[in-house]
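just the structure for this:
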Amino acid sequence: MDVCYIPLELQIEIIKRLPIKTLIRFRLVSKPWKSIIESSDFIADYNIHTHHYNHQQLLVSLYDTDYAYTFDDDNSFPQHKSCLIPSLLNDKPFTYKMIGSSQGLFAIYRYHEHNKRDVVIWNPSIRKCVEIPIPNVLQTVVGFGVCNTTDPIILKIDFISIPWQVELFKLSTRKWRRLSNTCFLSGKSFHFHQKAVVTERFIYWIGFYNTRFVFKKLILSFDMINEKFAEISLPPSLRDASLQNLNLSKLRESLVLLETIHTRKRTEYEVWMMMEEDGVRNMFKKLYTVKAPDASIERVLGFRKNGQPIIQLQNPFKHELLVYEPDSELFNRIGIDGYGYQCFAGSYMGTLHLLDQ
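All right, here's what the predicted structure looks like:
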């Protein structure tokens, strides 16, 4: 009886269409399959061209626990919930905060004893992480993203030095590289208001700079491809808003600007999305206002892929995490309570990044 032979090239095209969990198991089928699946070329090709074979996920992490929760970010939400204990938390004592997510990877900034710092790049889809030490920690701001959809980077800015000292780490080289002549603000006193937000190509911060004659609020962007900084002006209606009431987030791969509005009875959030016109990212469009009828909104943590925000609602006895539906203006509980200001929520697509590390 003849054995049906399937050429290796066809086998690769077949397994390329499998979901991530199945691919991880199929590494045990044979040594050739293991070698193929763990190769950098296969991982890059899979991440770029086969995202539609994977389900969108929603990750919620809580500062006051060692857990992260993942949901299927589809019509079944929030029924299908899984609890993860990242291996990066099973270590010696430290404090940590989520600094960003990009292309299915999450970056956590850790503070160790004796002023040691590192960034842990974590892939929840394959339960793997990589630790990157941060050298020469002074007054440092850290950004994270995935350049050209394949290469995770860490950006370190020593903003106290004039001019700024900016260093870039690429996981593909595992080396830090000094950047020069990158920022028009490097001779000014720029104050970063919050952690970075990253989209497909850009890392963003919001803050202000002041000189003897000018005080200006702005959004600072870093282009991961051409390695340059640029300024993005706030929409005219928000230029007089207090910087303490402005925060950045992202919806899918678009930058979102959140304005906190305090009233006598409650706190509301206006949601603005940055639009692109003729290739220029210089317009913001107001999408909706998040209003809570009986309590104040403590924070908008992030967004589902359909545009619904995950919010932290402040009640007298507990802090609930809910999803807001802009069309119906209804709030739906997701079964998680969170505390503090380090909670995080955001959609992501499964990826094979870090499998070859």
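
residues contacting the residue nearest the centre of the chain?
Taking C-alpha atoms, centre = their mean, the centroid of the chain lies closest to residue 101, which sits 2.2 Å from it. Going by C-beta atoms under 8 Å, 6 or more residues apart in numbering, residue 101 touches 59, 107, 198, 346, 348. (Glycine included, C-beta is placed from N, CA and C.)

which of those tops the neighbour count?
In terms of neighbours by other C-beta atoms under 10 Å, the contacts of residue 101 top out with residue 107 at 27 neighbours.

who's in contact with residue 324?
By C-beta under 8 Å, 6+ apart, the contact list for residue 324 reads 290, 308, 309, 311, 330, 331.

among those residues, the buried ones, what's the ChimeraX command?
The buried subset of the contacts of residue 324, as determined by 16 or more other C-beta atoms under 10 Å, is captured in ChimeraX by this line:
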select :290,308,309,311,331
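
can I get the contacts of residue 324 in JSON lines with distance to residue 252, pLDDT and secondary structure?
Formatted as JSON lines, these follow (distance: C-beta to C-beta, whole Å; pLDDT from 0 to 100; DSSP: H, G, I helix; E, B strand; the rest coil):
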{"residue": "290", "distance to residue 252": "18", "pLDDT": "90", "secondary structure": "strand"}
{"residue": "308", "distance to residue 252": "12", "pLDDT": "92", "secondary structure": "coil"}
{"residue": "309", "distance to residue 252": "13", "pLDDT": "93", "secondary structure": "strand"}
{"residue": "311", "distance to residue 252": "18", "pLDDT": "88", "secondary structure": "strand"}
{"residue": "330", "distance to residue 252": "22", "pLDDT": "88", "secondary structure": "strand"}
{"residue": "331", "distance to residue 252": "22", "pLDDT": "88", "secondary structure": "strand"}
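
now, which of the contacts of residue 324 sits nearest residue 130?
Of all those, residue 130 sits closest to residue 309, with 30.4 Å by C-beta to C-beta.

need the pLDDT of the closest residue to residue 118 other than its chain neighbours.
Closest residue in space to residue 118, ignoring its immediate chain neighbours: residue 133 at 4.9 Å, by C-beta to C-beta, 6 or more residues apart in numbering. Reported pLDDT at residue 133 in the predicted model: 89.

sorry, back to before: helix, strand or coil for the residue nearest to the centre of the chain?
What DSSP: H, G, I helix; E, B strand; the rest coil gives for residue 101 is strand.
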